[in-house]
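A.B. asks: can you look at this prediction? I've put the sequence above it.
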Amino acid sequence: MKKIVVLSILAAMLLTAATPKGGVQIALLKYKGGGDWYANPTSLPNLIAFANKQLRTTINSEPATVEVGSTDIFNYPFVHLTGHGNVVFSTQEANNLREYLMAGGFLHIDDNYGLDKFIRPQMKKVFPELDFVELPFDHPIYHQKFNFTSGPPKIHEHDGKPSQGFGLIWEGRLVCYYTYETDLGNGWEDYEVHKDSEETRLKALKMGANMLQYVFSE
């Protein structure tokens, strides 16, 4: 199994101002199937800027783009997947993503509306033995620098259902966090894109910062 950068060392780097500028990147995950993996282009840069200010992390301001089946994925401790449409993982891609997650990587999936019916069967290819479980509200991911006592915040209406946060747990570790009916990525985008209120955008950014802090401090 390939080894991702040792996360304990990486965490120490990320959580100190002494980290060389641009030394660590997070990445957007590119997938096949026709879905818009490239949705919300301003979301990750805005989240990074917010985290660097609020958490004093020094994450590279420009996120990378990495394909599911590429060995380059092992260079990024945190990868983000979003979109509205179809997602397809080949056997090789599913195996590569599985190795990445088992080796210490972390995947955040953000349903940008319509993703749910596509992503669930694809993640079953990655971890056939695991099911998504809703994380309890006392899970540490909701209680980092910012506290969320009712799980992930509701950012966009979608189907009017309550927002939910699901996880895949591998050997006691949260390896994939799936935000459903919330659309955090839209809340991270530039104001002009969706014209969400400052309060709504701030809730989304705070939840995103919590995710990064959780990943880099585990």
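C.D. replies: All right, it came through fine. Keep in mind that what you see is a predicted model, and the values were worked out from it rather than measured.

A.B. asks: look up which helix or strand Glu192 falls in, please.
C.D. replies: Using DSSP states H and E, Glu192 maps to helix 191-194.

A.B. asks: just Cys176 next, same as before
C.D. replies: strand 173-180.

A.B. asks: cool, and Gly187?
C.D. replies: Assigned by DSSP H and E, Gly187 falls in helix 184-188.

A.B. asks: returning to that earlier point: strand partners of the strand holding Cys176, parallel vs antiparallel please.
C.D. replies: Its sheet considered, strand 173-180 pairs with strand 106-111 (parallel), strand 164-170 (antiparallel) by DSSP bridges.

A.B. asks: just name the most buried of the ones you listed.
C.D. replies: Compared across the strands paired with strand 173-180, strand 106-111 shows the largest average neighbour count, a mean of 24 (mean count of other Cβ atoms under 10 Å). C-beta: built from backbone N, CA, C; applies to glycine.

A.B. asks: tell me the average confidence for that one?
C.D. replies: Taken as a whole, strand 106-111 carries a mean pLDDT of 97.

A.B. asks: just the CA trace of that strand, in PDB.
C.D. replies: The C-alpha trace of strand 106-111 is given here as PDB (Å, rounded to 0.1, in the frame of the first residue of the first chain):
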ATOM      1  CA  PHE A 106      -9.600  12.100   3.800                       C
ATOM      2  CA  LEU A 107     -12.500  12.700   1.400                       C
ATOM      3  CA  HIS A 108     -15.200  15.300   1.800                       C
ATOM      4  CA  ILE A 109     -18.200  14.800  -0.500                       C
ATOM      5  CA  ASP A 110     -20.600  17.700  -0.800                       C
ATOM      6  CA  ASP A 111     -23.900  17.100  -2.500                       C
END
